[in-house]
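Visitor: Need the 3D shape of this:
(4 chains)
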Amino acid sequence: MILTIAVAILILMMMVFAVYSVETKDLLYAVVGTMAVSLIVSILFYVLQAPDVAMAEAAIGAGISTAVFVIAIKKTERYEHD
Amino acid sequence: MIKKSIALILIAILFVAIFFTLANDLPFGDNRTTTGVSDKYIYHGVNDTGASNLVTAIVVNYRGFDTLGEVTVLFVAATGVGAVLYNMGRPAGKKRKKTEASLIVRTGSRILFPMMLLFGAYIFVHGHLTPGGGFQGGAVIATAFLFKYVSDTRYHIDHNKFTATESVVGMTFALVGIMGLLLTGYFLFNFLPNGSPGELLSAGIIPIIYVAIGIKVGAELTGILDNMMEVEQ
Amino acid sequence: MTAGNVSKYVYTAIILFLLWIVLTSTFFWEEILAGLVLSAMVAAMGYSLFTDKGLGNFSPKRLAYFLVYIPVFLWDVIKANLDVAYRVLSPKMPIKPGIVEIHTDLKSDIAKLGLANSITLTPGTLTLDIDDDRLFIHWIYVRTTDIKEASEEIGGKFERYMKVIFE
Amino acid sequence: MNFYTVLEYIGMFLVFVGALFLFLGALGIFRLPDVYNRLQAGTKATTLGAFGAIIGIGLMRPEWLPKAILIAVFILMTNPISSHALARASYRRGIKLWDRSVVDRYGPYLREKEEKEGKR
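Guide: So this is what the prediction gives:
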């Protein structure tokens, strides 16, 4: 029961972060949003008994790809135009 | 406005769908969901391959050819990044314009860098025993190099050495496959003894391939990061 | 001040090998062999920066001070958390923040790192920047702005340990 | 009551204490006025919170204790470094101190350093 509630909260948070990172005009915040989505997804993978995938998601999704995005934003522009 | 509310309603429906699927149809930690081919893997996997981590048994042994393709995809991606960013040039003698990292971060990276490398190596060497494997360990190794880049503005890797390492380990993967072809008639056939599951030297060719994949992925991701960092504004 | 390359390399390899033993927590000969090979390889990649003193770090006096330092430090971390709890939970929020400057006599980089980390984790202080012997500390409840007094109050205790352990 | 049961209860207690301090850290991030004060609460509380939780798990499953201690030591080493980097970066980006702060010795130092580098 507690696990079910926790999973529900995690899924809800994941969706909020996903919508936020699509909607926001500040690309840096969007990257942080996708990083949060990656972290929550990796927790969900762990709960679903897939530790291998959880590790890959945490290391690549939350670590390396965030770094690559931040570097790219630093080289280009931070704000999205209409 | 209407567009947004439609989107929100769709998201709510998606949430309900995902949540009730997870809550009702997928019992956590229960193998009631297994059907057909997965039963074969679960009941015969350890005996067939000698790897106590079934995910690794599937990824490297049963589906080893797919993994070779995956590694190739990553290689093509790294090459693509290099090709796109190559012409943006790196004029000789021009420093990257950046604030120097403080002494704390620099000293921290000095101490933590070898430890992070060893931890990445631990993950891919034990790929057939514990969760993790070549891809995860390679990503950890790449973060170690990323920390180096963050802490020292003048640091850069030796491209020739990295490319050489990458080619050698990539060729190792292919050579192991070809040896299987020569000895038994099947590409990537497990020609080494399985050993007893749970020990480090078991599972035949799996550890060799995972060490190769780990080093290759680490080198490729580091190459991507290096290309991104070096480009001038 | 710095030790020779061989000493540095051996020290790094030993530390990494101990790390490997703790990670695997087994004593199978295969694991030991893999650990030896890997720590020798990884040490070759980072030994020149890992340490300044090399094998000199293993002197008994240093180890003894280090063992004494652990409980002192952990007790300070707990005190720091009780301090945070008090400041956060009391309705008036008794804070008087500011950035003060302190001085240190430590010379080696690793000792400075240890001092800065200790200061960050102990009650009410956060290391903001460090430049040679000047440290800038964000203090949540400033009691003195004098450099000498602040140095003694914030870093004095740790500095005495760090001097023996890392210098 | 055997030895392992006692260890398990100690472990549960440590996990509880860790969670409590994590909660206090979150409350501190919510209540305190500026970035630097928030970082203070955040760093200390997350360090001890994670420390308690990890060592607690290690005591509940004694075969994991060495790994748990290793992770805890890594957290003790890396957490202060990251919070220092955050604080320094936010000061250099120009994020102001709380208006009721009493003293700021870092601003004058930075300006002095800039002048020195400008002259060169």
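
Visitor: Return the set of buried residues in the strand or helix carrying B:Leu68.
Guide: Per DSSP states H and E: B:Leu68 is located in helix B:64-86. Under the neighbour-count criterion of 16 or more other C-beta atoms under 10 Å in any protein chain shown, helix B:64-86 has B:Gly64, B:Thr67, B:Leu68, B:Glu70, B:Val71, B:Leu74, B:Phe75, B:Ala78, B:Val81, B:Leu85 buried. In short, each C-beta sits where N, CA and C put it, glycine included.

Visitor: got it, and stretch B:215-232?
Guide: Those would be B:215-231, for stretch B:215-232 by 16+ other C-beta under 10 Å.

Visitor: so how far is the helix or strand where D:Leu27 lies from its chain's centroid?
Guide: Secondary structure from DSSP H and E places D:Leu27 in helix D:3-31. Between the centre of helix D:3-31 and the centre of its host chain there is 15 Å, according to C-alpha atoms, centre = their mean, to the nearest Å.

Visitor: quick one, whichever helix or strand comes after it and helix D:3-31 angle?
Guide: Moving toward the C-terminus from helix D:3-31, the next helix or strand (DSSP H and E) is helix D:35-60. Interaxial angle, helix D:35-60 versus helix D:3-31 (axes from the mean of the first three to the mean of the last three C-alpha atoms, to 10 degrees): 170 degrees.

Visitor: which strands and helices sit next to helix D:35-60?
Guide: Applying 3 or more C-beta pairs under 8 Å, 6 or more residues apart in numbering or on different chains; DSSP states H and E, we find helix D:35-60 packed against helix C:60-89, helix C:109-121, strand C:125-131, strand C:134-139, helix D:3-31, helix D:65-92.

Visitor: picking up where we left off before, buried residues, the helix or strand following the helix holding B:Leu68. List them.
Guide: Sequence order places helix B:103-125 as the next helix or strand after helix B:64-86, per DSSP H and E. Buried positions in helix B:103-125, judged by neighbour count with 16+ other C-beta under 10 Å: B:103-125.

Visitor: who touches the lowest-mean-pLDDT helix or strand in chain B?
Guide: When each helix and strand of chain B is scored by mean pLDDT, DSSP states H and E, helix B:37-49 comes last, with a mean of 76. The contact list for helix B:37-49 (C-beta atoms under 8 Å, 6 or more residues apart in numbering or on different chains) reads B:31, B:34, B:51-52, B:54, B:57-58, B:61-62, B:190, B:194, B:197, B:203-204, B:206.

Visitor: out of the buried residues of helix B:64-86, which one sits closest to B:Ile157?
Guide: B:Ala78 (13.0 Å; C-beta to C-beta).

Visitor: and that closest one, what is it in contact with?
Guide: B:Glu220, B:Leu221, B:Gly223, B:Ile224.

Visitor: Checking my notes, the second one in a helix, right?
Guide: This points to B:Leu221. Yes. Per DSSP: H, G, I helix; E, B strand; the rest coil, B:Leu221 lies within a helix segment.

Visitor: Grab the nearest non-local neighbour of it.
Guide: Excluding its sequence neighbours, the residue lying closest to B:Leu221 (C-beta to C-beta, 6 or more residues apart in numbering or on different chains) is B:Ala142, at 3.5 Å.

Visitor: Give me the neighbour count for that neighbour.
Guide: Look at B:Ala142: counted by other C-beta atoms under 10 Å in any protein chain shown, it has 26 neighbours.

Visitor: What ranges in the chain fall below the confidence cut-off?
Guide: Picked chain A for this. A:1, A:82 (pLDDT under 70).

Visitor: oops, I was thinking of chain C
Guide: In chain C, residues with pLDDT under 70: C:1-3, C:54, C:56.

Visitor: Chain D contacts on that one?
Guide: By C-beta under 8 Å from any C-beta of the partner chain, the residues of chain C that approach chain D are C:19, C:22-23, C:25, C:77-78, C:80-81, C:83-85, C:87-89, C:93, C:95-101, C:116-117, C:120-121, C:124-129, C:131, C:134, C:136, C:138, C:140, C:142, C:145.

Visitor: ditto for chain B
Guide: B:Thr99, B:Ala101, B:Ser102, B:Ile104, B:Val105, B:Gly108, B:Ile111, B:Leu112, B:Met115.

Visitor: ok, these vs D:Glu115, which is closest?
Guide: B:Thr99 (16.8 Å).

Visitor: Run a quick check on D:Asp104 versus C:Glu101, I expect a contact.
Guide: No. Using C-beta atoms under 8 Å, D:Asp104 is not in contact with C:Glu101; the gap is 10.2 Å.

Visitor: Tell me the spacing between the residue positioned nearest the centre of chain B and B:Val76.
Guide: Nearest to the geometric centre of chain B sits B:Phe135, at 1.4 Å (C-alpha atoms, centre = their mean). Separation of B:Phe135 from B:Val76 (C-beta to C-beta, to the nearest Å): 16 Å.

Visitor: which parts of chain A sit against chain B?
Guide: Counting by C-beta under 8 Å from any C-beta, the residues of chain A that sit close to chain B are A:3-4, A:7-8, A:11-12, A:15, A:19, A:47-52, A:54-56, A:59-60, A:63-64, A:67-68, A:71-72, A:75.

Visitor: One more pass at 7 Å, please.
Guide: Residues of chain A found near chain B (C-beta under 7 Å from any C-beta of the partner chain) are A:3-4, A:7-8, A:11-12, A:15, A:19, A:47-49, A:51-52, A:55-56, A:59-60, A:63-64, A:67-68, A:71-72, A:75.

Visitor: Ok, chain C next?
Guide: So far as C-beta under 7 Å from any C-beta goes, chain C lies against chain B at C:12, C:16, C:19-20, C:23, C:28, C:30-31, C:34, C:38-39, C:42-43, C:45-46, C:49-50, C:109-110, C:112-113, C:116, C:127, C:129-130.

Visitor: circling back to that earlier point, state the pair within the residues of chain B next to chain D that is farthest apart.
Guide: Longest span within the residues of chain B next to chain D, C-beta to C-beta: B:Thr99 and B:Met115, 25.9 Å.

Visitor: Can I take it that B:Pro197 is in a helix?
Guide: No. Going by three-state DSSP, the assignment for B:Pro197 is coil, not a helix.

Visitor: sorry, back to before: the residue nearest to B:Leu221: what's it in contact with?
Guide: Each residue near B:Ala142 by C-beta atoms under 7 Å, 6 or more residues apart in numbering or on different chains is listed here: A:Ile64, B:Gly218, B:Leu221, B:Thr222, B:Leu225.

Visitor: Which elements pack onto the helix or strand where C:Glu153 lies?
Guide: If you go by DSSP H and E, C:Glu153 is part of helix C:147-166. If you count contacts as 3 or more C-beta pairs under 7 Å, 6 or more residues apart in numbering or on different chains; DSSP states H and E, helix C:147-166 packs onto helix C:60-89, strand C:98-103, helix C:109-121.

Visitor: Once you drop chain neighbours, what's closest to A:Gly33?
Guide: A:Ser21 (2.9 Å).

Visitor: returning to what we had before: if any of the residues of chain C next to chain B are buried, give me the PyMOL selection for them.
Guide: The command below creates a PyMOL selection of those among the residues of chain C next to chain B that count as buried (16+ other C-beta under 10 Å):
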select buried, chain C and resi 12+16+19+20+23+31+34+38+39+42+43+46+49+50+109+110+112+113+116+127+129+130
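
Visitor: And the nearest residue to B:Gly134 once chain neighbours are set aside, how far from chain D?
Guide: In this structure, B:Gly134 finds its nearest non-sequential neighbour in B:Ile213, 2.9 Å apart by C-beta to C-beta, 6+ apart. Distance check for B:Ile213 against chain D: by C-beta to the nearest C-beta, to the nearest Å, it reads 24 Å.

Visitor: how about the residue nearest the centre of chain C, what does it touch?
Guide: By C-alpha atoms, centre = their mean, chain C has its centre lying nearest to C:Gly114, at 2.3 Å. C:Gly114 makes contact with C:Met162, C:Phe166 under the criterion C-beta under 7 Å, 6+ apart.
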